[in-house]
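>>> Curious how this folds, go ahead:
(one chain, ligands or ions: 2)
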Amino acid sequence: MKMGTVTVEDTDENRQICMKYCGICPNYKKNCLGSHQPDNLFCARGRSNAAQIREQRCFCLACEIFAKNSLALGHFCEREK
Ligand code: SF4
Ligand code: SF4
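Ligands and ions are numbered 1, 2, ... in the order given. Reported below is the predicted structural model:
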């Protein structure tokens, strides 16, 4: 990992952890993010290609991957890294 960049590994384990948070997020449900790619782990795989994502409370701040990787801000499903 380079200084100043954040790299979350795209693993099945991390995808499962992500779904504990993104999977219950109103944003995720409202925009059917599970039907678009990437369908989870946005902090590693990039923003969703779903066209209309509304700003709503983001659950990333409670996620252990968020803390472990010193991520900031959240809303990874809808913003460029
Ligand atoms: S920080 Fe957010 S996008 Fe990343 S794994 Fe956790 S819940 Fe998913
Ligand atoms: S990245 Fe944040 S706002 Fe987007 S679905 Fe996951 S918890 Fe919700």
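>>> contacts, neighbours, all on C-alpha from now
OK.
>>> excluding its backbone neighbours, what's nearest Y28?
Distances taken as CA to CA, 6 or more residues apart in numbering place C22 nearest to Y28, at 6.1 Å, with adjacent residues excluded.
>>> show me the contacts for the one you found.
Taking CA atoms under 8 Å, 6 or more residues apart in numbering, we find C22 in contact with 28, 40, 59-60.
>>> what's the answer for A50, then?
Contacts of A50 (CA under 8 Å, 6+ apart): 31, 33, 36-37.
>>> Can you lay out those as TSV showing neighbour count?
As requested, the contacts of A50 are exported to TSV (neighbours: other CA atoms under 10 Å):
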residue	neighbour count
N31	16
L33	21
H36	13
Q37	14
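>>> May I see those residues organised as TSV, with secondary structure, pLDDT and distance to ligand 2 added?
TSV is the format used below for the contacts of A50 (DSSP: H, G, I helix; E, B strand; the rest coil; pLDDT from 0 to 100; distance: CA to the nearest ligand atom, whole Å):
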residue	secondary structure	pLDDT	distance to ligand 2
N31	coil	91	9
L33	helix	95	7
H36	coil	96	12
Q37	coil	96	12
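>>> any idea which of those residues is the one closest to ligand 1?
Nearest to ligand 1 among those is L33, at 11.7 Å by CA to the nearest ligand atom.
>>> Could you report the neighbour count for N49?
N49: 15 surrounding residues under other CA atoms under 10 Å.
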